[in-house]
Structure formats: structure tokens, C-alpha cells
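> next one to model:
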Amino acid sequence: MTSSQELVGRYAEIKALNRALVSDKSEMIAVIGRRRVGKTFLIRQHFKSKIDFELTGIQDGTLAEQLQNFVFQFFEYASHTQSIKTPESWLEAFYLLRKHLEKRRVKRKKIIFIDELPWIATPRSGFIKALDNFWNSWATKHNIVLVICGSAATWMIKKIIYNKGGLHNRVTDVIRLQPFTLAETADYFKKKKVKLNRNQILELYMAIGGIPLYLDKIEPGKTAAQNIDSLCFQKDGFLRDEFEKLYSSVYSSPEFHVKIIRSLSSKWQGLTRKEIAQQSKLPDGGRISRILDELDSAGFISSYIPFDKKKKGKLYRLTDEYSLFYIKFIKPSTPSKQQWLKISQTQKWKSWSGYAFESICIKHADLIQQELGISGIYTEYGSFYSKGSSQQKGFQIDLLIDRSDNAINICEMKFYAGTFSISKSYANALREKRIRFIEKTKTKKQVFITMISSYGINANKHSVGLIDHDVQSDILFRKL
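Got it, this is the predicted structure:
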């Protein structure tokens, strides 16, 4: 997302920033979210010229380089022009910042923006201690808004939000910036004059997700397939080698993170921690738990407990669309023009797109609940998997809506180019799935079958009396 564009969505986040600006005390706001999700853009675009000082960390920068960078930024904002020597410590740097802010004559709160904080606050840099001193001894008394950002979400949570030292309980608000929803993606394309129908937008979303910077690279006048081809499969495509940059920019030693991501890409419904250890060949101990927490906090993966399971049955899924698409299609390919146009006609893509559509539906489950008219009812989302035997095949339900009004929705999801017709064999499979689910779980609840598809289903003798709800993918583009 470039600075020439307007903000799309982010209403709750803007409200939080405005609330901090008009409160009667100093505010420290932590903004976290994965790389490329638009954290920096949000702060710069919202506050614009009101920012009184901004500092962005240098990746892998030494203490001397970070302090020199502070000086360069200082002169961008300081009103005087006399030279100053580079501070020898962050305590000295924050003293200079304090003097600069004291000279600023503005009626509003003074705003400080520190971006990519984890790159600055390296071990033994003394930055956290100096920030603690600056905040507690001066900033809290002088009507300051301090916004701190970082892509390393777990680091931000541990070192800042849940700091056990002088910054304990000093963060007054946390903004967790998420990728765009489908509705926000459609709004974004509208502002960019990109004219794509909703199925085309869904196809793009399956490949690159709702990451603003990736969406910014979509060119008007091209189909989803053409854009994916130029971004991901041509030699100099922007997303051709983004995968390695993505993880190395967030984690100092990303090789284990990438191993786990690759392991999770192998099984759509997810893996337990033990299965992840086996597939990634990493020891099943504290390190895996820490890495899983880091990936979960950053939004690359998600964890859930399947229906009728306990905590020890927790599964982890790879839910970052781009990472999954990269591993499945970009990495194995040779850069060439029209590569994706060929791949997208294969059965491999058609099968994969069905799974990708399921993942999008799960992310937008609140809208499905709204369409079913059960928004006011307490619900839990989950999945269900039953292993097969020599007598029976196993079966899986990717999305269950377990309702407090004594009902369960089994959701079947189909990404299809037109209206979907239920065949006799598929109808029999659905009936069997419902019967076996009831038998396995011994549930006494009413079990409905809900079909979610691109353009709905053709009502025929196989669907009538079987499908309780026919939901079209258009509802996934609604705003909550």
C-alpha cells in the first residue's frame, strides 16, 4: 500500500488512534501484525503531518548504525540546524528527543512513531531501559502519544505489552492489524480502478490473501490469472521470491519457522504438535512450542481444537494464503510467461482451489453465521475428522458451526465456475457423512447441512430435502 492511496477499512483501528489523541493522559499504543499488512501505512496516513518524530529501525543494524539513523531522523524533524554528535547511548538519544519535543509549540498531543521496534531494541542495546526511563520520567507528564510497531508480534507481546519491568502496564492500547477481508479487498480494488468480479477476486485472494501491499501490485485490465502469472511466475515478479524475505524479516533465525510452515502445507486439515515435530524433524519440546506461538501471533498459522476433542488434540493449520500458494505452486515452477495460465487449467489447481475456498470460508465464518440468521446465538466453530477402518472410509468436516440453540451446521464448501449440481453419489455421501457424524459424536442436536458455493446450487431431486441452506459466496463480501 503506497502513500498516495487512501485508507480502506481499518475503522476500529482509526477509532482507537483518535481516542488516544483526545484522551486526557499520555498514551502508548502497540501496533502488531505480520509483514506487509499495512502497519506503517496506517499510522503515517492517519496522522500525516501531525507526527512530531518518527524513527524506523534498521534490519540487522548495529547499535552504532541505529543511533546514527536516529540522528538522521532527528534532523528531519528538529527545527534547529546546528550539528549534533551522534549519541553514545539510547539514554542520550531520548534526552535529545525530549528537548526537541519541549520546543514544539502545538495545541494537540505530540506524536512519536517508532517503527520496527524489534530491530532497534536488540539485546544489550539498552533501548528498552532508555524507553522505560523516557516514558516514566517525562512522557507521561507531557501529553504524548507514542505509537510503536513491529512485525515480530511475539517479541512485541513479550517485551512491550507484557513487559515485567518499568514498562509493565504502560501500553494503553493494542492494535492487531489483520489482512483485508474480502469486502475490504473489493473496496480497495474499487479505489484502484481494478474491475474484477467476485469470483476473480476470490481467485486472487486464494493466491495472495488480503495483504495490502500484494493487492497494490494488481494491475487494472488484467484477469486474476494474468495478474497471478506476472506477480508469481515471471522471473522478476514481485512475489516470486517474497517467501524467503517474509520470514527472514520477522525472525532472526527463520529456518525452523520455515520448516514448520512447509510441514503444515502438507496436510490441509492441520497437524498436531507431535506430527509437526515428526514431519519437520525438530525435537518435540519447548522450541517447537515457542515457534508455533510466534507463527500464530503473526497470523501465518492458526490453531484450533477439533469438535469433540480436548486441548491435547489441538491442530495447527497454515492459514497464510501466499505461503501455501508459494509452496504448492510457485516454488516448484520454472519462471516463464503464461505459466500460471497453464497450471490454472489443471486438475491440481481445481482440487487445490476447493481447499483454498474452504479456508476463506472459515476465515469469514461470522458472515456465514449472519446469513444463517444466527448472529445473536452463541456459537463455536470447529472441524471434525474420523479415521477410517478396513470396513469404512474415514471422513472429514472442515467447518462445523456448533450452536447453543441445540443445533449444528455441517458446512460443505464448493468453489465452482457456475451453479453446482448435486449428483446422486454426492448426495449419498452427504447423507452418510451426517449419519456417521451423529453416530460418532452421539450428539442429540439437530444437524443441518449447509452448502456454500460460488453461485449456489441447482435445485434437483438429489438436493431437495437434503440441503438445508444454500449459501452463495457473495455473502463473504459483506461488511459486518
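> where does this structure have its least confident helix or strand?
For the chain, scoring each helix and strand by mean pLDDT, DSSP states H and E identifies helix 153-156 as the least confident one, at a mean of 84.
> how about the helices in the stretch 251-400 of the chain?
Under the criterion DSSP state H, counting those that start in this stretch, the stretch 251-400 of the chain carries helices at the ranges 255-264, 273-280, 286-298, 321-325, 339-343, 347-363, 365-371.
> any low-confidence regions in this structure?
1-5, 79-82, 310-311 (pLDDT under 70).
> would you confirm that Lys433 contacts Asp398?
No. With contact defined as C-beta atoms under 8 Å, Lys433 does not count as touching Asp398 (11.5 Å). All C-beta atoms are positioned from the backbone trio N, CA, C, and that covers glycine.
> which strand or helix spans Ile410?
Assessed by DSSP states H and E, Ile410 sits inside strand 407-414.
> now do that strand: distance to the chain's middle.
How far strand 407-414 lies from its chain's middle: 24 Å, per C-alpha atoms, centre = their mean, to the nearest Å.
> roughly how far does the nearest residue to Ala407 once chain neighbours are set aside sit from Arg431?
Distances taken as C-beta to C-beta, 6 or more residues apart in numbering put Gln446 closest to Ala407, at 4.4 Å, once the chain neighbours are dropped. Taking C-beta to C-beta, to the nearest Å as the measure, Gln446 falls 15 Å from Arg431.
> okay, now Lys442: neighbour count?
7 (other C-beta atoms under 10 Å).
> from Asn458, how far off is the residue nearest the centre of the chain?
Geometric centre of the chain, nearest residue: Gly299, 4.2 Å, by C-alpha atoms, centre = their mean. Using C-beta to C-beta, one obtains 37 Å as the distance from Gly299 to Asn458.
> break the protein down into its domains, please.
What the record gives for the chain is the domain set 11-176, 182-240+335-356, 244-326, 368-477, from automatic domain parsing.
> out of the ones you listed, flag the one nearest Ile362.
Ile362 sits nearest to domain 368-477 of all those, at 5.5 Å, using C-beta to C-beta.
> related to what we said a few turns ago, and the least confident helix or strand of the chain, what does it pack against?
Here helix 153-156 touches strand 27-32, helix 117-120, helix 286-298, going by 3 or more C-beta pairs under 8 Å, 6 or more residues apart in numbering; DSSP states H and E.
> now tabulate these in CSV and tack on distance to Glu13 and mean neighbour count.
CSV is the format used below for the helices and strands packed on helix 153-156 (distance: least, C-beta to C-beta, whole Å; neighbours: other C-beta atoms under 10 Å):
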stretch, distance to Glu13, mean neighbour count
strand 27-32, 8, 24
helix 117-120, 18, 23
helix 286-298, 17, 18
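> how about these in TSV, adding distance to Ile58?
Output for those, formatted as TSV (distance: least, C-beta to C-beta, whole Å):
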stretch	distance to Ile58
strand 27-32	19
helix 117-120	6
helix 286-298	20
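> got the CA coordinates for stretch 191-204 in CSV?
Extracted as CSV, the C-alpha positions of stretch 191-204 are listed here (Å, rounded to 0.1, in the frame of the first residue of the first chain):
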residue,chain,number,x,y,z
LYS,A,191,-10.5,2.7,-5.4
LYS,A,192,-7.6,1.4,-7.5
LYS,A,193,-10.0,1.2,-10.6
VAL,A,194,-9.4,-2.6,-10.8
LYS,A,195,-12.6,-4.1,-12.2
LEU,A,196,-12.9,-7.8,-11.3
ASN,A,197,-16.0,-9.8,-10.5
ARG,A,198,-16.2,-11.5,-7.1
ASN,A,199,-15.1,-14.9,-8.4
GLN,A,200,-12.0,-13.3,-9.9
ILE,A,201,-11.3,-11.6,-6.5
LEU,A,202,-11.7,-14.9,-4.8
GLU,A,203,-9.2,-16.5,-7.1
LEU,A,204,-6.7,-13.7,-6.3
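> quick one: residues in contact with stretch 224-244.
196, 200-201, 203-204, 207-208, 214, 217-219, 222, 322-323, 325-327, 329-331, 333, 335-341, 344 (C-beta atoms under 8 Å, 6 or more residues apart in numbering).
> need the domains of the chain in JSON lines (columns: distance to Ile362).
JSON lines is the format used below for these (distance: least, C-beta to C-beta, whole Å):
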{"stretch": "domain 11-176", "distance to Ile362": "18"}
{"stretch": "domain 182-240+335-356", "distance to Ile362": "11"}
{"stretch": "domain 244-326", "distance to Ile362": "8"}
{"stretch": "domain 368-477", "distance to Ile362": "5"}
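> residues in contact with Glu358?
Glu358 neighbours (C-beta under 8 Å, 6+ apart): 268, 398-399, 413.
> returning to that earlier point: extract the C-alpha set from the least confident helix or strand of the chain and format it as PDB.
Output of helix 153-156 as PDB, limited to C-alpha atoms (Å, rounded to 0.1, in the frame of the first residue of the first chain):
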ATOM      1  CA  ALA A 153       4.400 -10.000  17.100                       C
ATOM      2  CA  THR A 154       5.500 -12.400  19.800                       C
ATOM      3  CA  TRP A 155       8.500 -10.100  20.600                       C
ATOM      4  CA  MET A 156       6.200  -7.100  20.900                       C
END
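> which helix or strand lies directly C-terminal to it?
That would be, after helix 153-156 and using DSSP H and E, strand 173-176.
> roughly how far is that following strand from the heart of the chain?
14 Å.
> and stretch 178-187, by the same measure?
11 Å.
> which residues in the stretch 351-480 of the chain form strands?
Remark: strands assigned in the stretch 351-480 of the chain by DSSP state E, counting those that start in this stretch are 379-386, 395-403, 407-414, 420-421, 446-453, 457-458, 469-472.
> closest one to Gly286 among these?
Once those are compared by C-beta to C-beta, strand 379-386 is nearest, at 27.2 Å.
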